[in-house]
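In: sequence first, predicted coordinates after that:
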Amino acid sequence: MTHDLLSGPEHDPARDAGHENAPPRVGFFTDTSVCIGCKACEVACKEWNAIPEDGLTLTGMSYDNTQSLGASTWRHVAFIEQSVPAGRAAASPGAPAPAAMSGAVAAGAPTTAPTTAPTGTPTSDGRTELPLMMSGGSEMRWLMSSDVCKHCTHAACLDVCPTGSLFRTEFGTVVVQEDICNGCGYCVPACPYGVIEQRPSDGRAFKCTMCYDRLGAGQEPACAKACPTESIQFGALDELRERAALRVERLHAAGVTEARLYGHDPDDGVGGDGAFFLLLDEPEVYGLPPDPVVTTRDLPAMWRHAATAALSLVGGVALSFALPRLTAHPRLAAFSRLTALTGKTRLTALTGKKGRT
């Protein structure tokens, strides 16, 4: 068991938080290659957790009307529109030529596929694409992803909370107790992902709880239960990481060389996420930081520097008070006058002129 660990690998954060005989840590694995953007997860999350509406206005951002995670948006389905050069999929080794319209890649899809496919037929190119328009030899595609709180191994929001409102559960997840939150807002800038947010109506902070009440009853979170394509997978975190690695291998074998995992590595800046993703492009494309670091990682060094600065300041103040007392001593005063006279004598010898007395 490790105490006061703020960064680096940590095998069992629940046990480190004081939960003896805790069950295996659980989490989410979100496979964006099979997300169809249906938003069933958003609806299920709001219904189960009784989350208020987060705005009914159209944003003009494709079909993304929630735009980001927040106090009233614990699941956010992103629609990223991209311009893809024609033949990009075929340029990858082993990948087929792009189809007129391809859907999401089903788990375990065959490694070969015809160069064309009927509209809506899943192909092995690993993209949720829709040719909204053709321009200059390129077409538009959608990348869809259901974002959520990462339930970090090292959760800075939890570390900075002064009231204990945020706590680590026996399942390894991070939960906010809204009845204890005092609305200080320290957790908001501490989160490296910008997930947690204060609700304007009362100032308290809210975020995904991974349906802590359902976990206690032996049920999976509402979002994973509602996902029709199993893009959101829930289970023991170690098992999910193994499953995700196999999924990436299959996609690479199918020619989808851009497929990569995000947030799965226990050696990353947050000690690995409890909710990690399979992405089909760079993290920045999905609005995710490329190299997140827990904001409390440098706290020990910061406190050491602050203590050194404080001791130096106290020493300087003490010396400023002590120095006049030391120079006021009779023997020290005589020594100071003698030193001054000796200096004047040496100066006269060097210049050949008598100094003024």
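Out: Sure thing, it's come through.
In: K225 - that's part of a helix, no?
Out: Yes. Assigned with DSSP: H, G, I helix; E, B strand; the rest coil, K225 falls within a helix.
In: next, count neighbours for it.
Out: 16 (other C-beta atoms under 10 Å). Glycine gets a C-beta too; all of them are placed from N, C-alpha and C.
In: for it, give me its contacts.
Out: Residues in contact with K225 (C-beta atoms under 8 Å, 6 or more residues apart in numbering) are 44, 219.
In: and what of I80?
Out: 62, 142-145, 281, 285-286.
In: so it: helix, strand or coil?
Out: I80 ends up strand, using three-state DSSP.
In: returning to what we had before: between the contacts of I80, which has the most around it?
Out: S145 (28 neighbours).
In: which residue is the nearest non-sequential neighbour of that one?
Out: T32 (4.3 Å; C-beta to C-beta, 6 or more residues apart in numbering).
In: pLDDT value on that neighbour, please?
Out: T32 is assigned 96 on the pLDDT scale.
In: what's around it, how many residues?
Out: Per other C-beta under 10 Å, the neighbour tally for T32 reads 24.
In: how near is it to V175?
Out: According to C-beta to C-beta, to the nearest Å, T32 and V175 sit 25 Å apart.
In: please apply the same query to K150.
Out: Noted for K150: a distance of 14 Å to V175, by C-beta to C-beta.
In: OK, contacts around G272?
Out: Neighbouring residues of G272 by C-beta under 8 Å, 6+ apart: 9, 152-153, 263-266.
In: show me the two of the residues you listed that sit farthest apart.
Out: P9 and G263 (14.1 Å; C-beta to C-beta).
In: those two: who's more crowded?
Out: Neighbours were counted for P9 and for G263 using other C-beta under 10 Å; G263 has more, 24 against 14.
In: now do the helices in the stretch 1-150 of the chain.
Out: Listed in chain order, the helices of the stretch 1-150 of the chain (DSSP state H, counting those that start in this stretch) span 13-16, 40-49, 88-91.
In: okay if I get the contacts of I80 as TSV plus distance to D16 and pLDDT?
Out: Formatted as TSV, those follow (distance: C-beta to C-beta, whole Å; pLDDT from 0 to 100):
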residue	distance to D16	pLDDT
S62	41	75
W142	40	84
L143	36	91
M144	35	92
S145	30	94
D281	34	94
V285	34	92
Y286	30	93
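In: show me the residues you listed that map onto strands.
Out: With DSSP state E as the criterion, strands contain 142-145 from among the contacts of I80.
In: which of those lies closest to A14?
Out: S145 (27.3 Å).
In: ok, that closest one - contacts?
Out: Taking C-beta under 8 Å, 6+ apart, we find S145 in contact with 30, 32, 35, 77-78, 80, 277, 279, 286.
In: using CSV, lay out these together with distance to A244.
Out: Shown next, in CSV, are those (distance: C-beta to C-beta, whole Å):
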residue, distance to A244
T30, 10
T32, 11
C35, 14
V77, 20
A78, 19
I80, 21
F277, 9
L279, 11
Y286, 16
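In: do you know the pLDDT at M61?
Out: For M61, the pLDDT comes out at 72.
In: quick one: the nearest residue to it once chain neighbours are set aside and V314, what's the gap?
Out: The shortest distance from M61 to any non-neighbouring residue, by C-beta to C-beta, 6+ apart, is to Q67 (6.2 Å). Distance of Q67 to V314, computed by C-beta to C-beta: 50 Å.
In: settle it for me: which of these two has more neighbours?
Out: Legend: neighbour count by other C-beta under 10 Å for Q67 and V314, higher for Q67 (14 against 10).
In: quick one: the more buried one from E282, how far?
Out: 20 Å.
In: equivalent analysis for L237, please.
Out: To E282, L237 is 24 Å away according to C-beta to C-beta.
In: many thanks, have a good one.
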